[in-house]
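>>> just the structure for this:
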Amino acid sequence: MIDWDDIRYFLAVARAGSVRAAAEGLGVNHSTVLRRIAQLEERLGAHMFEKLPSGYRLTTAGEEVLELASQMEASSHQLESRVLGRDQGVRGLLRVTLAPTLVTHLLMPDLAAFARLHPDIEMEILSSGELANLTNREADVAVRVVYDRKTLPLNLHGLKGPEISGGVYIARDRLAAWRAGAPDPIRWIVISMHGLPDWAGEGEVRTAGVPFRTTDGEAQLAAVRQGLGITTLPCFVGDADPLLSRVPGTDLHLHGTLWLLTQGETRKTKRVRLFTEFLSRRLAAHAPLLAGLSPSGD
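This next block holds a predicted model:
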């Protein structure tokens, strides 16, 4: 009988294109992956891969196995989800995926409160900009900012939360210096992948033509605190920061809508239901801050 673990290793190499990348993804060493592939090839009596300078390429036999192995993987996930759906205990692992900004600037007190309420639930917070795949059970619950509801996968169960507004912010000290006539140029601070917004020319504060670019939200926030210039931030970040103020003459802009997402049978487990109900209440309580109804002063 074929070992399912051997199939997992085969799929990892087929998708990553190299043994090294597959080993990193699986959290094992290089030799373990090679041994598992060799076991599978011995059982099937065929070579699955060609080793090329650019990596590992599937043979014809490997291509046939890939299709069947993917079906086995899908069936395994479906079986696991159904079994978990019958688990009504309030113990076990709960994986929650959400953006780092939501964890750091809004929800960690709530996540900690839930953990104290349910000490037998082992919580794993996947704080990343990458979208975890709920169908493959990379996470049990996703908290996502969604810009268009139509983009939500049809196989996910969604619970709509509050809307998030964004504003334009500047360090309070820098704003005071600008009002006093300081000649230092004020830059737009942007995350590189986003660039300047279309409405960058709005507001009373005029900016220099040379922006200051960062690669992530925390660096962006640190830069605006340092008085380099102005930037866009979710209101729950900017309004809660005592060092920042909204730029005079600017309006709020819709940043997106928060959704709590779960999948299939997994959402029926008691720990998932407890968490989504708890977090839904907490998000409702945060709605004024998320909508920008608690503005920072000038």
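
>>> okay, CA-based contacts and neighbour counts for the rest of this
OK.

>>> can you show me the strands along the protein?
With DSSP state E as the criterion, the chain has strands at 49-52, 55-58, 92-98, 121-127, 141-146, 156-171, 187-191, 212-214, 229-234, 244-246, 253-263.

>>> I'd like to know how many residues surround the closest residue to residue 167 other than its chain neighbours.
Excluding its sequence neighbours, the residue lying closest to residue 167 (Cα to Cα, 6 or more residues apart in numbering) is residue 252, at 4.8 Å. For residue 252, the neighbour count with other Cα atoms under 10 Å is 16.

>>> and for residue 105?
Residues near residue 105, counting by other Cα under 10 Å: 14.

>>> same question, residue 61
Neighbour number of residue 61 under other Cα under 10 Å is 15.

>>> and what of residue 128?
That count, for residue 128 with other Cα under 10 Å as the rule, works out to 13.

>>> do the same with residue 208
Residue 208, neighbours per other Cα under 10 Å, totals 11.

>>> now do the phi/psi pair for it.
Dihedral pair for residue 208: phi -70, psi 160, per degrees, to the nearest 10.

>>> cool, residue 59 as well?
Torsion angles, degrees, to the nearest 10, at residue 59: phi -80, psi 180.

>>> model confidence for residue 259, exactly?
Here the pLDDT value assigned to residue 259 is 91.

>>> which ones are touching the residue nearest to residue 118 when sequence neighbours are not counted?
What sits nearest to residue 118 in space, not counting adjacent residues and going by Cα to Cα, 6+ apart, is residue 90, at 7.3 Å. Contacts for residue 90 were tallied using Cα atoms under 8 Å, 6 or more residues apart in numbering; they are 118, 120-121, 270-271.

>>> check what pLDDT residue 90 gets.
73.

>>> from residue 142, how far off is it?
19 Å (Cα to Cα, to the nearest Å).

>>> count of neighbours near residue 155?
11.

>>> quick check: bridge partners of the residue nearest to it when sequence neighbours are not counted?
Nearest residue to residue 155, sequence neighbours excluded (Cα to Cα, 6+ apart): residue 263, at 6.8 Å. Here residue 263 sits in beta bridges with residue 156, as judged by DSSP bridges.

>>> isn't residue 263 right up against residue 140?
Yes: using Cα atoms under 8 Å, residue 263 makes contact with residue 140 at a distance of 7.3 Å.

>>> and residue 91, how many neighbours does it have?
Around residue 91 there are 15 residues (other Cα under 10 Å).

>>> ok so, going back, how near is the residue nearest to residue 118 to residue 273?
In terms of Cα to Cα, residue 90 sits 10 Å off from residue 273.

>>> same question for residue 159.
For residue 159, the distance to residue 273 - Cα to Cα - is 12 Å.

>>> of those two, who's got more company?
residue 273 (17 against 14).

>>> just give me the neighbour total for the closest residue to the more buried one other than its chain neighbours.
Among residues not flanking residue 273 along the chain, residue 267 sits closest, at 6.3 Å (Cα to Cα, 6+ apart). Using other Cα under 10 Å, the number of residues around residue 267 comes to 22.

>>> what pLDDT is listed against residue 267?
For residue 267, pLDDT reads 70.

>>> and the gap between the nearest residue to residue 14 once chain neighbours are set aside and residue 39?
Once flanking residues are discounted, residue 14 sits nearest to residue 58: 6.8 Å by Cα to Cα, 6+ apart. Distance, residue 58 to residue 39, by Cα to Cα: 16 Å.

>>> more neighbours, the two?
Comparing residue 58 with residue 39 by other Cα under 10 Å, the one with more neighbours is residue 58, at 19 against 15.

>>> OK, contacts around the more buried one?
Per Cα under 8 Å, 6+ apart, neighbours of residue 58: 14, 48-50.

>>> out of these, the closest to residue 67 would be?
Taking Cα to Cα as the measure, residue 67 sits nearest to residue 14 out of the contacts of residue 58, at 11.0 Å.

>>> shouldn't that closest one be in contact with residue 57?
Yes: taking contacts as Cα under 8 Å, residue 14 lies within contact range of residue 57: 7.4 Å.

>>> show me the shaky parts of the chain.
Flagging of the chain using pLDDT under 70 yields the residue ranges 1-2, 76-89, 129-137, 154, 193, 195, 197-202, 265, 295-298.

>>> which residues of it fall in helices?
For the chain, applying DSSP state H gives helices covering 4-16, 19-26, 30-44, 60-85, 100-102, 108-117, 172-179, 217-225, 235-238, 270-285, 287-291.

>>> would you mind finding the most buried of these?
Greatest average neighbour count among those goes to helix 235-238 (a mean of 26), per mean count of other Cα atoms under 10 Å.
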